[in-house]
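>>> 3D model of this:
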Amino acid sequence: MTGRLRVAYLLEQLWHRVPGGTAVAAFRTAEALAARDDVDLVGFTARHGEPSTGDVSVVPPADISLVASRLPRALLYESWHWFALPRVEALIGEVDLVHASGGAVPATRRPLVATVHDLAWRRYPEAATPRGRRLFEAWLADARRAEAVACPSEATRLDLADAGFDESRLHIVPLGVGGGRTHSVEDLDAARANVAACLRRHGVDGPFVLWVGTVEPRKNLPGLVAAMDRIPDGGSVPLVLVGPAGWEADARRIAEPLGDRAILVGSVSEAERDAWLEAATVLCLPSLHEGFGLPVLEAMAAGTPVVTSSGTATEEVAGGAALVADPAAPGSIGEALGAVLANEDLASRLAETGLERAATFTWEATAEATVAVYHEAMARWGG
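Now for the predicted structure:
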């Protein structure tokens, strides 16, 4: 298959209450695809108003046309799953291919690519609501009719294979970092000033541990809080939590044992999030399960050492450029944090190798791999 592909691309994640990493992935991939000369991207969504801003400033890319259904999200998702209607072609017109970029899988008679970020609800059922598990299972069932399935990591690919997906249809498409929109000098300076002011208010003038993400059970905040008291000779080191409230996890209550050492920042702009990543002594993401783990990559790109979970996709993403710890053992997490905080040579080495590792992950590379999956899907559908 040669020539320019007209692709219908789901961008509904931008309107979720807490967009999170899947919205960032959909948005950044769409940006990179739209910049290519071999793809004509048309975004589509349910009916709604302005997009959410959550923990990142995610808005529809200006150079992508966007078409909205007349149905609100809940009704549209249910109709796609139970009745295979309305078809995307009825909304957008003729397209070569439809890309379900994560979550719900639209109805179509054209070749379908589905992105599945993770199967965390199967690994840790207690880390999802009953309604959430039902919704995720419905989307996973719908993804089985895709000609090709994109996943961000080998860990997710293995989970999908274990779930019975045809391995010949599974394709790893790693996510990226950087690129796209850049912050203005004024925005970044203001963000750095906000970070510095926050640290001064809390009396922090030395090292601190940073956690970034959406507060939810699988992010393992209780394990990180417990680990903070197990850092060798680090009993006074603060923990800064940046990101929006999610569900079934109250960051303030979880962090209570740390008292004044816990600094709850909450939702911030994208520029301020980047400023926190720059300022941190070490980022710790001890998640029980991730499909990729963008904060790990973002911290490495900022030159910040990382401690993350062993045996997960985040270890895969770090690729030896981070220290890993058993997420189920606070002592293991504390020991890894203590090593970074106490050893400047180790911290410098992790920062350097992290920068090198992060440089290999770009959204342009994500788009290139995505287009390869499109052609694979077209070939399979035509065959």
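
>>> tell me how far the ends of stretch 283-291 are from each other?
Terminal residues of stretch 283-291 lie 18 Å apart, using Cα to Cα, to the nearest Å.

>>> Walk me through the domains of the protein.
5-176+362-382, 185-358 (automatic domain parsing).

>>> Can I get the ones you listed in a markdown table including mean pLDDT and mean neighbour count?
C-beta here means a position set from N, CA and C on the backbone, and glycine is covered the same way. Listed next are these as a markdown table, based on pLDDT from 0 to 100; neighbours: other Cβ atoms under 10 Å:
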| stretch | mean pLDDT | mean neighbour count |
| --- | --- | --- |
| domain 5-176+362-382 | 90 | 19 |
| domain 185-358 | 93 | 20 |
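
>>> per-residue confidence at R181?
If you check R181, the pLDDT there is 57.

>>> Assess the claim that P222 and R253 are in contact.
No. P222 is beyond contact range of R253, at 9.9 Å (criterion: Cβ atoms under 8 Å).

>>> got the residue ranges for the helices in the stretch 201-350 of the chain?
221-228, 251-255, 270-279, 294-301, 313-318, 330-342, 344-358 (DSSP state H, counting those that start in this stretch).

>>> Including distance to N194, could these go into JSON lines?
Listed next are the helices of the stretch 201-350 of the chain as JSON lines, based on distance: least, Cβ to Cβ, whole Å:
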{"stretch": "helix 221-228", "distance to N194": "23"}
{"stretch": "helix 251-255", "distance to N194": "19"}
{"stretch": "helix 270-279", "distance to N194": "6"}
{"stretch": "helix 294-301", "distance to N194": "18"}
{"stretch": "helix 313-318", "distance to N194": "27"}
{"stretch": "helix 330-342", "distance to N194": "24"}
{"stretch": "helix 344-358", "distance to N194": "23"}
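
>>> nearest to R169, of those?
Each of those has some distance to R169 by Cβ to Cβ; the shortest is helix 313-318, at 19.7 Å.

>>> residues in contact with the closest one?
Here helix 313-318 makes contact (Cβ atoms under 8 Å, 6 or more residues apart in numbering) with 118, 152-156, 174, 285, 287, 289-293, 296-297, 300, 306, 308-309, 322, 324, 354, 357, 361.

>>> Out of these, list just those in strands.
Among these, DSSP state E puts L285, V306, T308, S309, V324 in strands.

>>> Distance of the nearest residue to the second one once chain neighbours are set aside relative to R357?
The reference is to V306. Once flanking residues are discounted, V306 sits nearest to A322: 3.8 Å by Cβ to Cβ, 6 or more residues apart in numbering. Distance, A322 to R357, by Cβ to Cβ, to the nearest Å: 8 Å.

>>> Distance of Y374 relative to L11?
The spacing between Y374 and L11, counted by Cβ to Cβ, is 17 Å.

>>> Then A271?
Per Cβ to Cβ, A271 is found 22 Å from L11.

>>> swap in L224?
From L224 over to L11 (counting by Cβ to Cβ), the distance is 32 Å.

>>> Equivalent analysis for A107, please.
Distance from A107 to L11, counting by Cβ to Cβ: 17 Å.

>>> for P174, same thing?
20 Å.

>>> follow-up on the earlier one: figure out which of the helices of the stretch 201-350 of the chain is closest to P86.
Closest among the helices of the stretch 201-350 of the chain, using Cβ to Cβ: helix 294-301, at 32.0 Å.

>>> Which elements pack onto that closest one?
Applying 3 or more Cβ pairs under 8 Å, 6 or more residues apart in numbering; DSSP states H and E, one finds that helix 294-301 makes contact with helix 20-34, strand 209-212, helix 270-279, strand 282-285, strand 306-309, helix 313-318, helix 344-358.

>>> In a markdown table: those, plus distance to T366.
Shown next, in a markdown table, are the helices and strands packed on helix 294-301 (distance: least, Cβ to Cβ, whole Å):
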| stretch | distance to T366 |
| --- | --- |
| helix 20-34 | 5 |
| strand 209-212 | 20 |
| helix 270-279 | 18 |
| strand 282-285 | 20 |
| strand 306-309 | 20 |
| helix 313-318 | 13 |
| helix 344-358 | 13 |
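
>>> Of the ones you listed, which is nearest F136?
It's helix 20-34; of the helices and strands packed on helix 294-301, that one is closest to F136 (Cβ to Cβ) at 11.8 Å.

>>> Who are the packing partners of the closest one?
So helix 20-34, by 3+ Cβ pairs under 8 Å, 6+ apart, packs with strand 5-10, strand 39-47, helix 294-301, helix 363-382.

>>> Run the chain-centre distance for that helix.
Centroid separation for helix 20-34 versus its chain: 10 Å, with Cα atoms, centre = their mean, to the nearest Å.

>>> Distance of the closest residue to R123 other than its chain neighbours relative to A367?
Distances taken as Cβ to Cβ, 6+ apart place H289 nearest to R123, at 5.0 Å, with adjacent residues excluded. Using Cβ to Cβ, one gets 26 Å for the distance from H289 to A367.
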